[in-house]
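Asks: need the 3D shape of this:
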Amino acid sequence: MDKELASLAQKIQLASELCQRLRKENQNLRQELAASQQKLKLLNTKLDSAKSRVETLIDNLPGS
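Replies: Sure thing, here's the model as predicted:
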């Protein structure tokens with residue numbers, strides 16, 4: 001019975017460590033996702049600005 005309890009305790013410890021690692025990984029992934037979303041937002045803003053400038057240049061072309 002002691003061996004069974006020791007084995008169970010070890011399995012619980014391993015499960016706990018895995019849970020902690022996954023929690024940290026999840027937190028890191030959430031931070032990476034937030035940073036990526038912020039970068040995407042900035043790139044979309046720059047793209048919209050570039051589109052606007054190109055449209056303005058096209059509108060100012062002779063014969064337009």
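Asks: show me where this protein has its helices.
Replies: Assigned by DSSP state H, the helices in the chain fall at 2-59.
Asks: for it, give me the ranges with low pLDDT.
Replies: Applying pLDDT under 70 to the chain flags residues 64.
Asks: would you mind measuring from the spatially most central residue of the chain to Leu18?
Replies: Nearest residue to the geometric centre of the chain (Cα atoms, centre = their mean): Leu33, 1.3 Å. Per Cβ to Cβ, to the nearest Å, Leu33 is found 22 Å from Leu18. No exception for glycine: its C-beta is placed from N, CA and C like everyone else's.
Asks: again, but for Lys39
Replies: As judged by Cβ to Cβ, Lys39 and Leu18 stand 31 Å apart.
Asks: Gly63 now?
Replies: 68 Å.
Asks: neighbour count winner among the two?
Replies: Leu18 (10 against 3; other Cβ atoms under 10 Å).
Asks: in contact with that one, which residues?
Replies: By Cβ atoms under 8 Å, 6 or more residues apart in numbering, the contact set of Leu18 is empty.
Asks: having no further points to raise, I will conclude here.
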